[in-house]
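sharing a model prediction with you, sequence too.
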Amino acid sequence: MAKLSVIVPVYNVEDCLDECLASLRSQTFGDIEIVCVNDGSTDRSREVLARCRDQDERITVVDQANKGLSGARNTGISMSTGEYVCFLDSDDKFEPNACERIVEELDKFGTEVVVFGASTFPEAMTDPWMKQVLSPRDTRYNTFQSDLLFKESSTPYVWRVALKRSVLDRTRLAFDESLKFGEDQLFLFSLYPQAQGVQLVSDKLYLYRLSRSGSLMDDATADDARKVEKNLTITHAIFKYWNAHGFMTRWSNQLMNWSVKFELYSILCQERSARNSMAKELVKVWRDSVPDFGTCLKKLPGHAEALASVAVKMAGSETFPSEREIKSAMVRYRMKEYGFGSFASGAIKKLRQ
């Protein structure tokens with residue numbers, strides 16, 4: 001049995017796959033298995049996999065009809081044998097010492113999860129937000145605290161997370177195959193509250209390709225309204241999971257505050273008809289999942305409560321807010337959450353459109 005299993009989902013990436021697998025074959029730590037799940041590729045990816053498998057016996061190739069990224073990862077987990085598990089997307093790369101550092105950190109402290117940093121390529125395409133989320137600090141959470149999800153650089157990508165198989169066996173956690181976008185968010189929001197310790201390390205062990213024509217991320221960011229709709233689906237799934245597993249009794253206020261930032265502000269930026277229907281849907285998610293919703297609403301920070309209250313009014317039938325009230329709450333929220341500079345730059349961009 002290998003110490004570390006690296007799960008590589010593969011779908012139509014013949015132009016990147018050699019480079020990805022080369023980064024694994026040249027690792028400084030050798031006790032790994034590389035489980036490549038060919039998820040119904042229609043290009044030459046399967047030929048590349050066969051050639052690389054012939055060159056390195058640590059590579060296992062699993063073929064399946066197309067199930068999507070979540071289905072490929074779930075298959076990879078089920079077919080792997082390592083004590084530890086991590087993920088590498090087939091258009092990305094590991095740094096040469098990535099597997100060594102992952103095993104070292106999981107061995108050292110006994111925590112079930114390690115979260116590491118990543119770099120991007122081409123570097124010129126990155127932005128401050130991406131740099132921030134891919135740059136965790138060095139710290140450890142022996143038990144779950146909400147700061148791990150809502151204040152640390154620990155989300156939204158599962159490929160910069162490695163974990164012990166024990167946590168998967170104990171929680172029966174798997175990727176939701178019904179989600180075609182944002183499955184990483186749901187997985188991490190489900191994993192962290194149940195893990196017996198999470199270690200964050202600042203080492204940048206992963207090389208993330210920012211854009212590839214035809215990739216899921218490339219498709220998802222092409223249309224802002226479509227992305228907001230997809231994020232609403234993710235939000236619903238997270239609230240549903242937390243409610244079903246009892247996490248809401250302790251951290252409903254923090255999760256609701258997160259959803260205001262993650263989804264509500266973007267909803268209110270949409271065209272009026274789409275905005276109104278999505279706001280109603282988000283409020284329904286809150287009411288269905290949050291215990292004592294009214295009390296939780298009042299415990300939000302003032303600027304978040306004001307924005308959430310606008311959405312609640314939009315979901316009602318008698319006190320629909322005026323456009324002025326909506327815009328006022330949005331301005332207050334953005335200035336408080338991101339500062340005047342962000343608000344000013346957004347306003348200038350709007351004027352130029």
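Yes, it's here.

give me the mean pLDDT for the longest strand seen in the chain.
Counting residues, the longest strand found in the chain (DSSP state E) is strand 198-209. Throughout strand 198-209, pLDDT has a mean value of 98.

how much space between residue 120 and residue 270?
Shown here: residue 120 relative to residue 270, a distance of 28 Å by C-beta to C-beta, to the nearest Å. In this view, the C-beta of every residue, glycine as well, is placed from N, C-alpha and C.

with residue 196 instead?
41 Å.

how would you label residue 163: helix, strand or coil?
The three-state assignment at residue 163 reads strand, by DSSP: H, G, I helix; E, B strand; the rest coil.

doesn't residue 112 make contact with it?
Yes - contact criterion C-beta atoms under 8 Å: residue 163 and residue 112 qualify, at 6.0 Å.

residues shared between the contacts of the two?
residue 195 (C-beta atoms under 8 Å, 6 or more residues apart in numbering).

pull the longest strand of the chain out as PDB, backbone CA atoms only.
What follows is strand 198-209, C-alpha atoms only, in PDB (Å, rounded to 0.1, in the frame of the first residue of the first chain):
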ATOM      1  CA  VAL A 198      -6.500  20.700  10.200                       C
ATOM      2  CA  GLN A 199      -3.000  22.000   9.500                       C
ATOM      3  CA  LEU A 200      -2.400  25.000   7.300                       C
ATOM      4  CA  VAL A 201       1.100  25.500   5.700                       C
ATOM      5  CA  SER A 202       2.300  28.400   3.700                       C
ATOM      6  CA  ASP A 203       4.400  26.300   1.400                       C
ATOM      7  CA  LYS A 204       3.300  26.800  -2.200                       C
ATOM      8  CA  LEU A 205       3.200  23.200  -3.400                       C
ATOM      9  CA  TYR A 206       0.800  23.400  -6.300                       C
ATOM     10  CA  LEU A 207       0.900  25.100  -9.700                       C
ATOM     11  CA  TYR A 208      -2.500  26.200 -10.900                       C
ATOM     12  CA  ARG A 209      -3.200  26.900 -14.500                       C
END
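
and it, which residues are buried?
By neighbour count on 16 or more other C-beta atoms under 10 Å, the buried set for strand 198-209 is 198, 199, 200, 201, 203, 204, 205, 206, 207, 208, 209.

elements contacting it?
Strand 198-209 makes packing contacts with strand 93-94, helix 98-109, strand 113-121, strand 139-141 when contacts are defined by 3 or more C-beta pairs under 8 Å, 6 or more residues apart in numbering; DSSP states H and E.

show the subsequent helix or strand relative to the last one.
Counting by DSSP states H and E, the element after strand 139-141 in chain order, helix or strand, is helix 147-150.

next one: that following helix to chain centre, how far?
Relative to its chain's centre, helix 147-150 lies at 13 Å (C-alpha atoms, centre = their mean, to the nearest Å).

how about stretch 2-18?
Relative to its chain's centre, stretch 2-18 lies at 19 Å (C-alpha atoms, centre = their mean).
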